[in-house]
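Visitor: I would like the atomic coordinates for the input below:
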Amino acid sequence: MNPYILTFLVFNLGLGTTMTFASSHWLLAWMGLEINTLAIIPIMTQQHHPRAVEATTKYFLTQATAAAMILFASTSNAWLTGEWDINQMSNPVTSSMILLALSLKLGLAPVHYWMPEVIQGLDLATGLILSTWQKLAPFILLLQVAPTLEPSLLVIIGVLSTLMGGWGGLNQTQLRKILAYSSIAHLGWMVIIIQFSPPLALLTLLIYIVMTSSAFLTFKFISSTTINALATSWTKSPMIISLSTLILLSLAGLPPLTGFMPKWLILQELLKQDLPLLAFFAAMTALLSLYFYLRLCYSVALTSSPNTITASAPWRLNPHQTSFFTPLAMMLTLTLLPITPSMLTMVMP
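Guide: Residues are numbered from 1 along each chain as shown. The predicted structure is shown next:
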């Protein structure tokens, strides 16, 4: 793709997200979401591959459906209450419709089926944008409307997402699908806690973005998209592969890595809210995700696939230089747990 066109599209991605962040009016927020969607579609199809075109079509239809639901619900709310303010969703029917539309935008269960299929058809760099940046605008809207939503609905969607995110990734061999189900599970944790502690949900989102970025960038650096390719990548870059196991364990939420922080704080907050059963069920669903992360770590560190990958010889070094962001994301993914009190002070003064 022409670098000028790519720069223009990336600028529009930022513009759409910023417009949604800054708006308190539903029409402006909807416009920001639409700019965001229209800007990423050419980026998704830049490979001109049939799978990329299929994934882009699925993504466009899904996002267009969600945007139409948002527009219909906000218009209905304005008709019934006379308010276009995002924080004034007083009608239960329209607020539930907004929750369903934002869940479709984010890929939350039970409307999550499009997300693994879409990310599977894209390259790792575009999948990274779809899993991180594209979550920001809908999540900020969900953060604003959360006080007006039915609490039981949020809990049901959050628990379903953690369950489906763990369950769906169990039998996968494609790394992009595994990361997609990981995204669904992490978003489920955020939705569970969003009504009790919005700053903690935002902190969890930021940590998720850092961890997912390091995972995608690591797999992109070693050019691995399947478990078999990951198992034969040891000779390409032993140091990166060694760190990738720790990155996967951080995504799983094991101490003393960064990924343990949000799960620890969320379970603590649920116990403070006198919800031990919900905390127990969320912790149990995290074990499902832990299983497929450990399976990936086993493939990387303890096995060597008898089949060589067809793209290049496995002993050949990767000629591409890593960017500055890759080691930075790795370092943050592995070392943020000791400064948990300082991060809590920043987000929850």
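Visitor: pLDDT weak spots in the chain?
Guide: Confidence mapping of the chain against pLDDT under 70 gives the ranges 235, 303-322, 348-349.
Visitor: remind me, longest helix of it?
Guide: helix 50-81 (DSSP state H).
Visitor: give me the buried positions along that helix.
Guide: Buried residues in helix 50-81, defined by neighbour count with 16 or more other CB atoms under 10 Å: 52, 55-56, 58-60, 62-63, 66-67, 69-71, 73-74, 77-78. For the C-beta atoms, the positions are set from N, CA and C on the backbone; glycine is no exception.
Visitor: need the contact list for Val155.
Guide: Val155 sits next to 192, 278 when contact means CB atoms under 8 Å, 6 or more residues apart in numbering.
Visitor: mind running it again at 10 Å?
Guide: Neighbour list for Val155: 191-192, 195-196, 275, 278, 281-282 [criterion: CB atoms under 10 Å, 6 or more residues apart in numbering].
Visitor: repeat that for Gln47.
Guide: So Gln47 contacts 1, 53, 56, 121-123, 126 (CB under 10 Å, 6+ apart).
Visitor: quick revisit: biggest separation within the contacts of Val155, which pair?
Guide: Largest separation among those by CB to CB: Gln195 and Phe281, giving 16.4 Å.
Visitor: measure how buried Ala301 is and give me the count.
Guide: A total of 13 residues lie near Ala301 under the criterion other CB atoms under 10 Å.
Visitor: and the spatially closest residue to it that is not a sequence neighbour, how far from Thr335?
Guide: Excluding the flanking residues, the one nearest Ala301 by CB to CB, 6 or more residues apart in numbering is Thr245, at 5.4 Å. Using CB to CB, to the nearest Å, Thr245 is found at 15 Å from Thr335.
Visitor: neighbour count winner among those two?
Guide: Ranked by neighbour count (other CB under 10 Å), Thr245 and Thr335 place Thr245 first, with 18 against 13.
Visitor: the more buried one: what's it in contact with?
Guide: By CB under 10 Å, 6+ apart, the neighbours of Thr245 are 293-294, 296-302.
Visitor: could I get those as CSV with secondary structure and distance to Met19?
Guide: Shown next, in CSV, are those (DSSP: H, G, I helix; E, B strand; the rest coil; distance: CB to CB, whole Å):
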residue, secondary structure, distance to Met19
Tyr293, helix, 36
Leu294, helix, 41
Leu296, helix, 38
Cys297, helix, 41
Tyr298, helix, 45
Ser299, helix, 42
Val300, helix, 41
Ala301, helix, 45
Leu302, coil, 48
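Visitor: quick one, helices of the stretch 101-250 of the chain?
Guide: Using DSSP state H, counting those that start in this stretch, the helices found in the stretch 101-250 of the chain span residues 114-120, 124-131, 133-145, 151-168, 175-193, 198-221, 227-231, 238-252.
Visitor: would JSON lines of those with distance to Leu15 be doable?
Guide: Listed next are the helices of the stretch 101-250 of the chain as JSON lines, based on distance: least, CB to CB, whole Å:
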{"stretch": "helix 114-120", "distance to Leu15": "23"}
{"stretch": "helix 124-131", "distance to Leu15": "15"}
{"stretch": "helix 133-145", "distance to Leu15": "11"}
{"stretch": "helix 151-168", "distance to Leu15": "29"}
{"stretch": "helix 175-193", "distance to Leu15": "24"}
{"stretch": "helix 198-221", "distance to Leu15": "19"}
{"stretch": "helix 227-231", "distance to Leu15": "36"}
{"stretch": "helix 238-252", "distance to Leu15": "30"}
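Visitor: which of these sits most buried?
Guide: helix 175-193 (a mean of 25; mean count of other CB atoms under 10 Å).
Visitor: tilt between it and helix 124-131?
Guide: With axes from the mean of the first three to the mean of the last three CA atoms, to 10 degrees applied, the angle from helix 175-193 to helix 124-131 works out at 20 degrees.
Visitor: any idea how far Ala201 is from Thr232?
Guide: 39 Å.
Visitor: ok so, going back, any idea which of the contacts of Val155 is closest to Gly253?
Guide: Proximity of those to Gly253 (CB to CB) peaks at Ala282, which lies at 10.8 Å.
Visitor: and the strand or helix carrying the closest one, what does it pack onto?
Guide: Using DSSP states H and E, the element containing Ala282 is helix 276-301. Counting contacts by 3 or more CB pairs under 10 Å, 6 or more residues apart in numbering; DSSP states H and E, helix 276-301 is packed against helix 151-168, helix 175-193, helix 227-231, helix 238-252, helix 260-272.
Visitor: okay, the angle between the fourth one and helix 276-301?
Guide: This means helix 238-252. Put simply, helix 238-252 runs at 170 degrees to helix 276-301, going by the same axes, to 10 degrees.
Visitor: just want the angle from helix 238-252 to helix 198-221.
Guide: Using the same axes, to 10 degrees, helix 238-252 lies at 150 degrees relative to helix 198-221.
Visitor: how about the CA coordinates for helix 238-252, as CSV?
Guide: Extracted as CSV, the C-alpha positions of helix 238-252 are listed here (Å, rounded to 0.1, in the frame of the first residue of the first chain):
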residue,chain,number,x,y,z
PRO,A,238,16.1,-18.3,21.0
MET,A,239,15.8,-15.2,23.2
ILE,A,240,12.5,-14.1,21.6
ILE,A,241,11.1,-17.6,21.9
SER,A,242,12.1,-17.8,25.5
LEU,A,243,10.4,-14.6,26.3
SER,A,244,7.3,-15.6,24.3
THR,A,245,6.6,-18.4,26.8
LEU,A,246,6.6,-15.8,29.6
ILE,A,247,4.4,-13.5,27.5
LEU,A,248,1.9,-16.3,27.1
LEU,A,249,2.0,-17.1,30.9
SER,A,250,1.4,-13.4,31.5
LEU,A,251,-1.7,-13.5,29.3
ALA,A,252,-2.8,-16.5,31.3
